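In: Sharing a model prediction with you, sequence too.
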Amino acid sequence: MSILPGSVIGVLGSGQLGRMFAIAARRMGYRVHTFSPETDTPTGQVADVEIKAHYDDLNAVRGFASAVDVVTFEFENVPSATAAAAAERAPVRPDGQILHITQNRLREKMFLSRHGFPVTPFKTINSIEDLRAGLAEFGCPAVLKTAGFGYDGKGQVKIKAMEEAETALATAGKQELVLEAFVDFDRELSVVAARGVDGSFAHWGAIENQHSNHILDVSIAPANVPPEIANEAVEIARAVLEQLGVVGVLCVEFFLTRQGKLLINELAPRPHNSGHLTFDACVTSQFEQQLRAVCGLPLGSTEFLRPAAMANLLGDLWQHGEPNWAAACAMPEVKLHLYGKMVPKPGRKMGHLTAMAETANAAAKLVRAARETLANQQ
Ligand code: AMP
């Protein structure tokens, strides 16, 4: 049975992904409740109701879930117990088990390799001996990552030589760790895809991602890759969503090696930064699609109106004062998105710009130029 407009959607988490989801949901006549340990959040500013409580306050979680028709996520690092408590009172989509797998790099990689998906070579690290053996096997450089709570390069150290092993392990501390071979990639791609309650599938093709300091900087769509590669990435994503039984949106991040092989870097069981450009450039955005999927509605068309690009706006942009918004708005093809965050910290995602053009590269040029104008004196 579909959850129809007028119903209430509960969002666990309160960042920009929830904000854009709430904008899409309210546009279609839904009400949105958000739950997180903070107030005046990016999602809360747009939602009907903002609940401030800790994720491990399970009574608060039950109360939140009792007041909504379906619960979804914008933040995947909520404890399993939180998803389970919510599931006592309302359907949780995607299922808490999917969060459990994807919030830990080791569980995720083991799941993927067990089901035959191509992943970056990896090893579980419990001791200096494991690390030395891993480095000997993969060669240097290699990347040591924490298994849990890592994003945007947090909890990662690149090991350039065997002698750095001990320091790297000491820096990582007593945590579950995974060593990955360093992939000398040609480019990074992502496929954002959705799966409905009835198993229907939709995707926005391969999106190309450029990172700076491990943080996504610019995304362009369609990716500059041959159609066979884009199709292969989509087929891998389709199989991942099926294997996990996702109801909602999930992003598969890939490395494309110089030999033309796709390796999965990681999964995000929610809308993704690389899919932000779908908000302006597509018939249906990743956020509306998440809404449709979790409500059991038919999925919308993912057609691109034109090729598009997105550039992130990080807190670093504020170092000389408020960016010159008027200058970016003076470029009429460029769209400004800000997340309502009050404190601009370096590396913090504060907003993004999108643009459409005749080609994805031309759109990328536009958003980069627009971002540069933000630093101009007002
Ligand atoms: P992650 O948090 O794992 O997505 O890493 C953030 C970014 O760091 C990736 O998008 C890559 O640009 C880079 N990176 C992470 N792991 C590797 C790897 N094994 N080889 C090469 N680059 C990597």
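Out: Okay, I see it. As the structure is a prediction and not an experimental result, all values here were calculated from the model.
In: contacts, neighbours, all on C-alpha from now
Out: OK.
In: element containing the closest residue to residue 258 other than its chain neighbours?
Out: Nearest non-adjacent residue to residue 258, counting by CA to CA, 6 or more residues apart in numbering: residue 186, 4.8 Å away. Assessed by DSSP states H and E, residue 186 sits inside strand 185-195.
In: For that strand, buried residues please.
Out: Residues of strand 185-195 classed as buried: 185, 187, 188, 189, 190, 191, 192, 193, 194, 195 (neighbour count, 16 or more other CA atoms under 10 Å).
In: Reformat these into JSON lines and put pLDDT and distance to residue 296 next to each item.
Out: Output for the buried residues of strand 185-195, formatted as JSON lines (pLDDT from 0 to 100; distance: CA to CA, whole Å):
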{"residue": "185", "pLDDT": "97", "distance to residue 296": "38"}
{"residue": "187", "pLDDT": "98", "distance to residue 296": "35"}
{"residue": "188", "pLDDT": "98", "distance to residue 296": "32"}
{"residue": "189", "pLDDT": "98", "distance to residue 296": "28"}
{"residue": "190", "pLDDT": "98", "distance to residue 296": "25"}
{"residue": "191", "pLDDT": "99", "distance to residue 296": "22"}
{"residue": "192", "pLDDT": "99", "distance to residue 296": "19"}
{"residue": "193", "pLDDT": "98", "distance to residue 296": "16"}
{"residue": "194", "pLDDT": "98", "distance to residue 296": "12"}
{"residue": "195", "pLDDT": "98", "distance to residue 296": "10"}
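In: And for residue 143, nearest residue in space, chain neighbours not counted?
Out: residue 158 (4.4 Å).
In: ditto for residue 317
Out: Computed as CA to CA, 6+ apart, the closest residue to residue 317 that is not its neighbour in sequence is residue 323, at 6.7 Å.
In: Repeat that for residue 293.
Out: Per CA to CA, 6+ apart, closest to residue 293 is residue 196, 4.5 Å.
In: and stretch 62-71, what's its mean pLDDT?
Out: In this model, stretch 62-71 carries a mean pLDDT of 98.
In: Run the chain-centre distance for it.
Out: Offset of stretch 62-71 from its chain centre (CA atoms, centre = their mean, to the nearest Å): 24 Å.
In: what does stretch 220-237 give?
Out: Counting by CA atoms, centre = their mean, stretch 220-237 comes out at 18 Å from the chain centroid.
In: cool, and stretch 182-191?
Out: So, by CA atoms, centre = their mean, the centroid of stretch 182-191 is 16 Å from its chain's centroid.
In: what do you get for stretch 259-273?
Out: Stretch 259-273 sits 10 Å away from the centroid of its parent chain (CA atoms, centre = their mean).
In: With stretch 255-262 instead?
Out: Mean-position distance between stretch 255-262 and its chain equals 21 Å (CA atoms, centre = their mean).
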